[in-house]
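Q: Coordinates only, no sequence provided:
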């Protein structure tokens, strides 16, 4: 019969002890009582063994003195019995004490106390056989206390395990005992100060030559720091994934071959694709991703992908991507490779930016510019007609007046051919001036741009002031010219510059006509703007500007009969020449409008490519 538990062995030992007592009484032989004394010392403890020795001595004295032998012989035999009992008790006490230490510290092989971590051994049935000093020190128990624990219940060691981990640990230990498979368990073990730390418990079975398990040997490793590091890493990964999923753009990853294996949540929600984690089926996912593009863009997308994957160059591509509701939206896709230390691509990072609103807004702006250009040309016809009539009026009036004078000199008696000849020269000059106006109008309606030639802005200003002489006189406006005689020539269209100066000066005159101010002074200043530009400023003493920033916007006007086109066109002309136009209110009252032009602007003004408004803007 094989006794597999301490309780069974103790029960058998106590039965043998009781049988020995009966046998000693029957045969009247006190030495048989040594057997139950040993049983009590071994099963109950050497403390109880002293009482067992005393009881056995008392019973043996009764046996010896009741026998037929003499008193001296009985006393001698009793003394021998007591000495023998005490010797047996002492041997068992020494054996029990030394046996535990031998089994735990000396009897388990060399170096067992130097095992890193917590080492242990168990019997084939799972009962603890020993633990190393490191384990005793960690849990804070002595060797004697551990001996009592080991002699107690088979699972009494669970008192050091966290209550939440006890059930799982027992189940895994029983599974290993039943199957012989290695034990691999993680649980929290209580330290001597009451704190719990995570340990990984690893146990393997030792077998004899017949394959039978003769014991278990295990090692319990402290993994609490590792657990905390893993928890911190998982938290960082969670935060990173949360960041990637919530960032306001669509992010996805591809293998070095260009097969997508991850889409962030925003991409999944936007396109309705299924997220992947590098599993099988990535080829299908790549095909699906390319199919998301508009049919007209797929060939360009595939060509861009193939070229970049072959060369390793970053990709930037714009195309229409199908949203999960079936609507195609413009997407700006950008791809960057991640390389290892050897320069080998390990993955591709890609972001998709939804620029559909921007593209549509830009297209709407372009169409609006075209409509505005047509509207500006149509709306400025009336003002253009006034300008044409004004420009033609003076040479035509002079032509008529000179023709009348010519007729009078010829009809004189006698005819004055000398004065008539001078009048004819004036008539020719007046006709040439009218012809120039007509040629400019023809060029305007033919949508041709004047060639940039070196012009003198001071001369342009003087010509405009001469043209507006009647208006200045009618409005009782005093003209104050401060023109820099050293002003460098600029490369610009002469007609357009006349139009800009004419519009600004006329606005200044009209601003003072509307305001009840005295005196009405219009000041025009030309000066150098550093070494690379010239600046012209027109200052009036009117009521000022209600909003200096908006006066250059099309259709914005403060005049009752105005259309809000003049200054918008002036800004377009100035900017097409590479300059700038600005306005401000003066501290002394009135307003100032200033335009600046670069000295060398032939390259920029020759083409006039500043935009559709500038290119198609009618010239006043």
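A: Good, I have the coordinates. None of the values given here were measured: they were computed from a predicted structure.
Q: and the nearest residue to residue 135 once chain neighbours are set aside, bridged to which residues?
A: Spatial nearest neighbour of residue 135, chain neighbours left out: residue 118 (3.9 Å); criterion: C-beta to C-beta, 6 or more residues apart in numbering. Where C-beta positions appear, they are placed from N, C-alpha and C, glycine not excepted. Bridge pairing for residue 118 (DSSP bridges) gives the partners residue 220.
Q: For the one helix or strand residue 240 maps to, enumerate the helices and strands it packs against.
A: Using DSSP states H and E, residue 240 maps to helix 224-246. Under the contact criterion of 3 or more C-beta pairs under 8 Å, 6 or more residues apart in numbering; DSSP states H and E, helix 224-246 touches strand 196-207, helix 265-271.
Q: run the last query once more with 6 Å
A: Other helices and strands packing on helix 224-246, by 3 or more C-beta pairs under 6 Å, 6 or more residues apart in numbering; DSSP states H and E, are strand 196-207.
Q: can you list the residues that contact the strand it packs on?
A: Strand 196-207 is contacted by residues 162, 180, 182-186, 188-190, 213-216, 218-224, 227 when judged by C-beta atoms under 6 Å, 6 or more residues apart in numbering.
Q: please redo it, this time with the cut-off set to 8 Å
A: With C-beta atoms under 8 Å, 6 or more residues apart in numbering as the test, strand 196-207 has contacts from 117-118, 120, 122, 162, 169, 176, 180, 182-191, 213-224, 226-227.
Q: Show only the entries of those residues found in helices.
A: Secondary structure defined by DSSP state H assigns 169, 176, 224, 226, 227 of the contacts of strand 196-207 to helices.
Q: Mark which of those are buried, thanks.
A: Among the ones in helices among the contacts of strand 196-207, those classed as buried by 16 or more other C-beta atoms under 10 Å are 169, 176, 227.
Q: Need these in JSON lines (columns: pLDDT).
A: Formatted as JSON lines, those follow (pLDDT from 0 to 100):
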{"residue": "169", "pLDDT": "91"}
{"residue": "176", "pLDDT": "91"}
{"residue": "227", "pLDDT": "87"}
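Q: In TSV, list those residues along with distance to residue 306.
A: Formatted as TSV, these follow (distance: C-beta to C-beta, whole Å):
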residue	distance to residue 306
169	57
176	56
227	47
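Q: Which member of these is positioned nearest residue 369?
A: Ranked by distance to residue 369 (C-beta to C-beta), these are led by residue 227 at 65.0 Å.
Q: That closest one: what's its closest spatial neighbour, skipping adjacent residues?
A: Counting by C-beta to C-beta, 6+ apart, the nearest residue to residue 227 once its immediate chain neighbours are dropped is residue 198, at 4.4 Å.
Q: ok, what's across the strand from the one you found?
A: residue 188.
Q: if I look at it, how far off is residue 232?
A: Here the distance between residue 198 and residue 232 works out to 14 Å (C-beta to C-beta, to the nearest Å).
Q: Comparing the two, which residue is more hemmed in?
A: Using other C-beta atoms under 10 Å as the criterion, residue 198 and residue 232 rank with residue 198 on top: 19 against 10.
Q: Quick check: pLDDT value at that one.
A: On pLDDT, residue 198 comes in at 92.
Q: And for the one 5 residues further on?
A: For residue 203, the model assigns a pLDDT of 90.
Q: Which strand or helix spans residue 173?
A: For residue 173, the element it lies in under DSSP H and E is helix 163-179.
Q: my bad, should have said residue 538
A: In this assignment (DSSP H and E), residue 538 forms part of strand 533-539.
Q: what helices or strands is that strand leaning on?
A: Secondary-structure packing of strand 533-539 (3+ C-beta pairs under 8 Å, 6+ apart): helix 457-467, helix 494-514, strand 521-528, strand 591-598.
Q: what mean pLDDT does that strand have?
A: Averaging pLDDT along strand 533-539 gives 90.
Q: tell me how far that strand is from the chain's mean position?
A: Centroid separation for strand 533-539 versus its chain: 49 Å, with C-alpha atoms, centre = their mean, to the nearest Å.
Q: and that strand with strand 591-598, angle?
A: With axes from the mean of the first three to the mean of the last three C-alpha atoms, to 10 degrees defining the directions, strand 533-539 sits at 170 degrees from strand 591-598.
Q: partners of strand 533-539 in the sheet?
A: Going by DSSP bridges, the partners of strand 533-539 are strand 521-528 (antiparallel), strand 591-598 (antiparallel).
Q: most tightly surrounded among those?
A: strand 591-598 (a mean of 21; mean count of other C-beta atoms under 10 Å).
Q: what's in contact with that strand?
A: Residues outside strand 591-598 that contact it (C-beta under 8 Å, 6+ apart) are 457, 490, 492, 500, 504, 507-508, 511, 529, 532-540, 542, 544-545, 548, 567, 570, 574, 577-586, 604.
Q: Filter these down to just the buried residues.
A: Applying 16+ other C-beta under 10 Å to the contacts of strand 591-598 flags 457, 490, 492, 500, 504, 507-508, 511, 533-540, 542, 544-545, 567, 570, 574, 577-579, 581, 583, 604 as buried.
Q: Sketch out the low-pLDDT regions of the stretch 301-450 of the chain for me.
A: Applying pLDDT under 70 to the stretch 301-450 of the chain flags the ranges 373-391, 393-394, 437, 440-450.
Q: ok, 80 please
A: Where the stretch 301-450 of the chain drops to pLDDT under 80, the residues are 305, 317, 369-399, 401-402, 419, 423, 426, 429-430, 432-450.
Q: before we move on, back to that, the contacts of strand 196-207, buried ones only, as a ChimeraX selection?
A: Command for ChimeraX that selects the buried part of the contacts of strand 196-207, burial taken from 16+ other C-beta under 10 Å:
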select :117,118,120,122,169,176,183,185,186,187,188,189,190,191,216,217,218,219,220,222,223,227
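Q: domains for the protein, by residue range?
A: Residue ranges for the domains of the chain, per automatic domain parsing: 6-106, 113-227, 247-354, 374-448, 452-616.
Q: Take those domains and write them to JSON lines, including distance to residue 238.
A: Formatted as JSON lines, the domains of the chain follow (distance: least, C-beta to C-beta, whole Å):
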{"stretch": "domain 6-106", "distance to residue 238": "46"}
{"stretch": "domain 113-227", "distance to residue 238": "16"}
{"stretch": "domain 247-354", "distance to residue 238": "13"}
{"stretch": "domain 374-448", "distance to residue 238": "57"}
{"stretch": "domain 452-616", "distance to residue 238": "50"}
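Q: closest to residue 239 out of those?
A: Among the domains of the chain, the nearest to residue 239 by C-beta to C-beta is domain 247-354 (12.3 Å).
Q: Please enumerate the strands of the stretch 201-350 of the chain.
A: For the stretch 201-350 of the chain, the strands defined by DSSP state E, counting those that start in this stretch cover 213-222, 250-254, 260-263, 315-322, 328-339, 345-354.
Q: Against which helices or strands is the helix or strand just after the last one packed?
A: The reference is to strand 345-354. Using DSSP H and E, the helix or strand that follows strand 345-354 in sequence is helix 356-379. For helix 356-379, the packing partners by 3+ C-beta pairs under 8 Å, 6+ apart come out as strand 328-339, helix 612-616.
Q: neighbours of residue 142, just the number please.
A: Neighbour count for residue 142, taken as other C-beta under 10 Å: 9.
Q: quick one: secondary structure of residue 551?
A: coil (DSSP: H, G, I helix; E, B strand; the rest coil).
Q: returning to that earlier point: residue 367: which of the domains of the chain is closest?
A: When the domains of the chain are compared (using C-beta to C-beta), the closest one is domain 452-616, at 9.7 Å.
Q: So what's the gap between that closest one and the chain middle?
A: Per C-alpha atoms, centre = their mean, the centroid offset for domain 452-616 relative to its chain is 50 Å.
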